[in-house]
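Asker: Predicted model and sequence follow; I will ask about them next.
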Amino acid sequence: MTEKNFKKAKLILDNKELDLDILNGSVGPSVLDIRNLYSKLGCFTYDPGYGATGSCESEITYINGEEGVLLHRGYPIEELAKNSNFLEVAFLLLNGELPNSDDKEEFENAITFHTMVHEQLINFYRGFRRDAHPMAIMVGVVGALSSFYPDSTNINDPQQRLISSRRLIAKIPTIAAMAFKYSLGQPFNYPQNKLNYSENFLHMCFSVPAEEYKNNPVISKALDRILILHADHEQNASTSTVRIAGSSGANPFACIASGIASLWGPAHGGANEAVLNMLAEIGSKENIKKFVDKAKDKNDPFRLFGFGHRVYKNYDPRASVMRETCHEVLDLLGVKNEPLLDIAMELEKIALKDDYFVEKKLYPNVDFYSGIILKAMGFPTEMFTVLFAVARTVGWVAQWNEMITDPVQRIGRPRQLYTGKTERSFIKLQDR
Ligand code: CMC
């Protein structure tokens with residue numbers, strides 16, 4: 001709950017004074033309440049990229065970027081990654097508390113028994129080219145869910161919100177696996193209720209009718225951890241997109257599709273794919289310096305993918321867990337001498353010592369190591385961001401629900417600093 005600070009901030013403009021309330025959260029920086037700014041002083045704030053703007057009140061995720069801390073509902077991400085599993089973290093994000101054993105069973109059953117998609121959805125896949133990027137398929141098919149499940153699109157009905165939330169979390173792995181199978185030209189696999197969330201996803205991606213599929217617990221455990229690490233991350237670009245889309249009253253399936261579109265970009269979720277492509281392009285340790293120099297060159301738009309973060313000015317705590325998991329998985333799978341991992345480790349070492357990266361506080365982020373693990377599991381690079389979307393659906397759904405039930409929520413509608421032409425008269429074609 002927000003608490004008003006007894007102090008106020010004073011803003012003076014053209015001899016007019018405005019006292020601004022200071023609101024305190026439970027932890028982290030206070031915020032200035034500027035809601036009266038325009039009506040009292042006639043000006044807006046200017047903050048491209050919203051680096052200093054709090055867009056909502058939230059109880060879900062807390063990040064301290066300076067210290068490299070990430071908490072979900074108060075629990076450190078490292079502890080969740082070590083002790084929990086993805087569906088338990090999903091329950092926590094959605095409901096605020098870890099489930100007791102009855103809650104856990106009910107929730108796991110609810111998700112497990114909603115993993116099938118409408119059979120007619122298959123027709124959508126057939127409309128895509130075989131070489132379509134799976135994220136393009138995800139945007140289209142998830143958006144289309146609203147037409148398949150219109151019985152759960154009334155956002156004002158809590159029961160319908162619950163059903164659509166669970167439908168999204170349950171069906172997203174099926175939709176993602178179908179996108180993968182479609183690109184391979186292999187038949188789609190139906191989900192299996194006896195498998196857990198990660199096992200089921202791996203089965204839908206990798207089993208073929210001609211052979212018996214055996215789950216590899218090393219891989220399914222690692223995937224589960226990757227899903228936990230990507231589950232939510234406060235008001236990032238895709239989450240803010242989901243909130244803004246939802247603020248107009250759009251249905252949850254359409255809102256999550258908008259989040260997937262935003263996630264796709266290489267500055268956001270698309271970075272895991274970009275990291276692996278970059279490591280492949282670097283090719284050998286000898287070329288690292290050339291790429292680091294390129295990233296430092298002001299006249300070159302190239303950036304080291306997997307480095308830097310808007311909020312973390314320290315090691316991304318997710319990257320530390322991911323780094324450890326990466327080594328564990330490669331060891332357990334018996335992958336010796338993975339050249340991309342060698343390049344990644346050397347690149348990390350060089351960048352962490354380089355003045356440019358040190359001064360700008362550019363540390364490896366969650367995407368730096370995830371691609372190497374996903375590659376070792378057998379996923380092609382185009383699927384990396386899709387896996388991010390599967391995990392982040394939980395965060396999007398939790399944040400969307402929080403937004404809908406927030407009494408101060410209004411339609412998202414930022415203002416602007418207009419620098420275009422002032423009013424002028426229309427010029428007829430013959431006079432131009
Ligand atoms: N390589 C080289 N220089 C960089 C990098 C990088 N990866 N990231 C930031 N910089 C520089 C940037 O050029 C700028 O320099 P200057 O102050 O001289 O203009 C300075 O550092 C600050 O960068 P910024 O673009 O103002 O920072 P931002 O907060 O707007 O952007 C970011 C954050 C994540 C988009 C950016 O660091 C980036 O593009 N990183 C590479 C892409 C990436 O790995 N994205 C995944 C983010 S984590 C997962 C997720 O959230 O989806």
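Answerer: Received the coordinates, thanks. Residues are numbered from 1 along each chain as shown.

Asker: In PDB, list the C-alpha atoms belonging to the helix or strand of the chain with the lowest mean pLDDT.
Answerer: Taking mean pLDDT, DSSP states H and E as the measure, the chain has strand 3-13 as its least confident helix or strand, at a mean of 85. What follows is strand 3-13, C-alpha atoms only, in PDB (Å, rounded to 0.1, in the frame of the first residue of the first chain):
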ATOM      1  CA  GLU A   3       1.900   5.700   2.200                       C
ATOM      2  CA  LYS A   4       1.900   9.500   2.000                       C
ATOM      3  CA  ASN A   5       5.100  11.100   3.300                       C
ATOM      4  CA  PHE A   6       4.500  14.000   5.700                       C
ATOM      5  CA  LYS A   7       7.100  16.000   3.600                       C
ATOM      6  CA  LYS A   8       6.100  17.600   0.300                       C
ATOM      7  CA  ALA A   9       8.100  18.600  -2.700                       C
ATOM      8  CA  LYS A  10       7.700  22.200  -3.900                       C
ATOM      9  CA  LEU A  11       7.700  23.100  -7.500                       C
ATOM     10  CA  ILE A  12       7.800  26.800  -8.600                       C
ATOM     11  CA  LEU A  13       7.000  27.800 -12.100                       C
END
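
Asker: mind listing what that strand pairs with, with the direction of each?
Answerer: Strand 3-13 has the following strand partners under DSSP bridges: strand 16-24 (antiparallel).

Asker: I'd like the average pLDDT over the helix or strand following the strand it pairs with.
Answerer: Counting by DSSP states H and E, the next helix or strand C-terminal to strand 16-24 is strand 31-32. Confidence for strand 31-32, expressed as mean pLDDT, is 96.

Asker: Which strands and helices lie in contact with the very next helix or strand once past strand 31-32?
Answerer: For strand 31-32, the succeeding helix or strand toward the C-terminus, using DSSP H and E, is helix 37-41. Counting contacts by 3 or more CB pairs under 8 Å, 6 or more residues apart in numbering; DSSP states H and E, helix 37-41 packs against strand 3-13, strand 16-24. From N, CA and C alone the C-beta is placed, and that goes for glycine too.

Asker: quick one: which of those is nearest the ligand?
Answerer: Closest to the ligand of those is strand 16-24 (CB to the nearest ligand atom; 23.9 Å).

Asker: May I see the buried residues of that closest one?
Answerer: 18, 20-22 (16 or more other CB atoms under 10 Å).

Asker: Please name the nearest non-neighbouring residue to T153.
Answerer: Once flanking residues are discounted, T153 sits nearest to N251: 3.9 Å by CB to CB, 6 or more residues apart in numbering.

Asker: Give me the neighbour count for the one you found.
Answerer: Using other CB atoms under 10 Å, N251 is surrounded by 22 other residues.

Asker: What confidence value was assigned to it?
Answerer: Note for N251: predicted pLDDT of 97.

Asker: how deep is the residue of the chain found nearest the ligand tucked in, by neighbour count?
Answerer: Closest contact between the chain and the ligand, by CB to the nearest ligand atom, is at G308 (2.4 Å). Applying other CB under 10 Å, we find 21 residues neighbouring G308.

Asker: residue contacts, it?
Answerer: Neighbouring residues of G308 by CB atoms under 8 Å, 6 or more residues apart in numbering: 360, 362-363, 365.
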